[in-house]
Structures are given as C-alpha cells and as structure tokens.
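A.B. asks: below are the sequence and a predicted model for it; my questions follow.
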Amino acid sequence: MSLDDAEIERLYAYPDTGRPWVRTNFVATLDGAAHAEDGRSGSLGGDVDTRVFHVLRSLADVIVVGAGTARIEGYGPGDVPIAVVSRRLDIPERLVVPGQLVITTADAPADRIEHLRETVDVIALGRGRVDWVAVLAELADRGWHRVLCEGGPTLHGELVALDLVDEVCLTIAPVLAAGDAPRIAHGAQSVDRAMRLGHCVAAEDVLLTRWVRERA
Ligand SMILES: NC(=O)c1ccc[n+]([C@@H]2O[C@H](COP(=O)([O-])OP(=O)(O)OC[C@H]3O[C@@H](n4cnc5c(N)ncnc54)[C@H](OP(=O)(O)O)[C@@H]3O)[C@@H](O)[C@H]2O)c1
C-alpha cells in the first residue's frame with residue numbers, strides 16, 4: 001500500500017484525552033536492533049518511515065529526546081520545540097537556541113543550568129533523576145499535551161518503567177542486523193506493560209505499527 005501524508009496524519013491522530021499523552025516513535029530491524037551498522041537509525045525504515053517521522057513531528061506540541069540521540073543523530077531545531085533530556089548537560093550547540101528546551105534534574109551542574117538558561121527554557125525537576133510526572137505537568141502548563149518522544153532506548157526504558165508511555169509507534173524495517181545494538185527500550189528495571197494494537201499497516205516494504213497502553 002502506498003500512503004500519502006493525509007492518510008498518515010489520519011492514522012496517527014492523537015486521541016483527545018484532555019491530559020498529556022506520551023507517544024514514542026521508533027524504527028527497529030526484524031531482529032529488534034534500534035540502530036543500523038553506522039550507529040544511527042534514520043536509514044532503516046526508508047522513505048515511508050521518514051515521512052511518518054515528519055508527520056508525527058508535525059502533529060506534536062513538543063518533541064522530547066535523550067541527549068545521546070540528539071548528539072548521535074545530529075538534531076537541530078525544527079517547527080516544533082525540541083526538549084533535550086540530559087543529566088550532564090552536554091547539549092548539542094545547534095539546539096542551544098531560543099525556542100528550544102532542556103529537561104534535567106534540579107541537582108544537575110548549576111553553572112551549566114545557569115548558562116543554558118540564558119538561551120533556552122530549562123526544566124529542572126527531581127533530584128538524582130528527572131521527575132517525569134512533574135515535567136509532564138510543566139509541559140501541560142505550557143499547553144503542550146501532545147508529547148512525542150523520539151527516544152533513545154535509555155530514555156524510553158525509563159518512561160516505560162514509570163508507566164508513562166501511552167503509545168508506541170514502531171516501524172518494523174526489512175533488515176536483519178545481528179550485532180549488539182540495543183532494542184528500543186532498555187534499563188535496569190524489567191517490566192511488562194500490556195499494549196493494544198492500534199494499527200498495523202504494510203506500506204512499501206515496512207510495517208507501520210501503533211500500540212496503545214492498555215490501562216485499567
Ligand atoms: N530506532 C530508533 O527509532 C531510535 C530512536 C532514537 C535513538 N536511536 C538510537 O539509539 C542510540 C542512542 O541510545 P541511547 O539509549 O544512548 O539514547 P538516549 O536515551 O537518547 O541517550 C542517553 C543519554 O540521554 C540522557 N538521558 C536519557 N534519559 C535520561 C533521563 N531520564 N534523565 C536524564 N538524562 C537522560 C543522558 O544524557 P547525558 O549523558 O547528557 O546526561 C544519557 O546519557 C543511537 O544509536 C540512536 O541512533 C534509535
């Protein structure tokens with residue numbers, strides 16, 4: 001099936017829940033690798049996944065991304081604000097521009113927080129680890145309910161462990177990778193979160209899937 005952008009928008013419309021909705025977006029190989037041989041993921045899903053990636057961005061109020069992904073994938077600003085999550089506060093310079101955000105802990109290096117605050121909006125909540133419930137409330141205060149998290153696996157693992165992921169958009173790419181790439185979520189804590197299939201669409205030679213958290 002070939003999909004135009006309007007069909008992709010329809011498939012991925014955010015539900016109207018009146019509360020923050022955390023959607024994550026990933027591509028993985030058939031054997032579950034979250035990146036290709038070159039350490040990046042962009043090339044895995046081909047044209048259709050790239051189009052889904054951009055449509056998902058256009059539907060979001062804010063994009064949340066781990067600093068590791070932002071550094072490796074060469075993130076820069078776009079139409080939707082990007083919030084980089086970091087403890088060390090080694091933020092790519094391209095993202096230290098007005099309109100962008102940084103999410104960190106209240107006990108992150110104070111001089112770095114102060115320096116970043118001269119240019120970007122810094123949300124520093126939680127001690128030792130980011131207080132995600134408070135961060136989502138803070139984003140909602142800005143009118144941002146449609147949260148798109150683009151990973152990476154470390155950040156995703158933490159959000160899954162906290163049961164804050166409402167929806168996973170996963171493109172399955174026609175690639176076998178082997179190797180030791182991480183899967184799309186990892187962390188110290190192992191949890192099983194039940195998900196319901198939202199859609200599964202074969203487009204060109206990838207599978208576009210969307211999974212919604214089954215909450216009681
Ligand atoms: N398949 C896909 O769709 C997809 C999507 C995204 C990324 N990836 C791939 O995943 C790989 C990167 O994986 P990764 O797990 O290292 O990515 P990551 O989660 O983006 O980066 C980890 C770093 O982000 C910061 N971070 C993440 N969670 C945090 C938290 N809760 N609190 C504070 N800081 C936090 C820390 O940065 P500091 O070190 O600055 O403190 C941490 O070192 C790359 O190869 C990338 O291409 C694949």
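C.D. replies: Received the coordinates, thanks. What you are looking at is a predicted structure, and each value in this text was computed from that prediction instead of being measured.
A.B. asks: going forward, measure contacts between C-alpha atoms and count neighbours the same way
C.D. replies: Will do.
A.B. asks: from the ligand, how far out is Arg94?
C.D. replies: 15 Å (Cα to the nearest ligand atom, to the nearest Å).
A.B. asks: who touches that residue in this structure?
C.D. replies: Contact analysis of Arg94 by Cα atoms under 8 Å, 6 or more residues apart in numbering lists 75-77.
A.B. asks: which one of the residues you listed is nearest Leu176?
C.D. replies: Leu176 has its nearest neighbour among these in Tyr75, at 26.0 Å by Cα to Cα.
A.B. asks: ok, that closest one touching Ile91?
C.D. replies: No. Using Cα atoms under 8 Å as the test, Tyr75 is too far from Ile91 to be in contact (10.1 Å).
A.B. asks: that older thread, of the contacts of Arg94 - the most surrounded one?
C.D. replies: Neighbour count (other Cα atoms under 10 Å) singles out Tyr75 as the most crowded of the contacts of Arg94, with 17 neighbours.
A.B. asks: and the pLDDT at that residue?
C.D. replies: At Tyr75, the model reports a pLDDT of 97.
A.B. asks: that one belongs to a strand?
C.D. replies: No. Tyr75 is assigned coil when assessed by DSSP: H, G, I helix; E, B strand; the rest coil, not a strand.
A.B. asks: His35 versus Val102, what's the distance?
C.D. replies: 24 Å (Cα to Cα, to the nearest Å).
A.B. asks: please apply the same query to Gly179.
C.D. replies: 10 Å.
A.B. asks: and for Asp163?
C.D. replies: Using Cα to Cα, we find Asp163 at a distance of 24 Å from His35.
A.B. asks: what does Trp211 give?
C.D. replies: 20 Å.
A.B. asks: check Arg94 too.
C.D. replies: From Arg94 to His35 the distance is 23 Å (Cα to Cα).
A.B. asks: before we move on, the earlier item: now the contacts of Arg94 in a markdown table, with distance to the ligand?
C.D. replies: Converted to a markdown table, these look like this (distance: Cα to the nearest ligand atom, whole Å):
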| residue | distance to the ligand |
| --- | --- |
| Tyr75 | 11 |
| Gly76 | 14 |
| Pro77 | 16 |
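A.B. asks: can you tell me the SS state at the residue of the chain positioned farthest from its centre?
C.D. replies: Most distant residue from the mean C-alpha position of the chain: Asp111, 27.2 Å away (Cα atoms, centre = their mean). Judged by three-state DSSP, the three-state class of Asp111 is helix.
A.B. asks: of Asp163 and His35, who's got more company?
C.D. replies: Each of Asp163 and His35 had its neighbours counted (other Cα under 10 Å), and the higher figure belongs to His35 (22 against 14).
A.B. asks: what sits against that one?
C.D. replies: Listed by Cα under 8 Å, 6+ apart, the contact set of His35 reads 28-29, 41, 44, 181-182.
A.B. asks: most widely separated two among these?
C.D. replies: Leu44 and Pro182 (14.4 Å).
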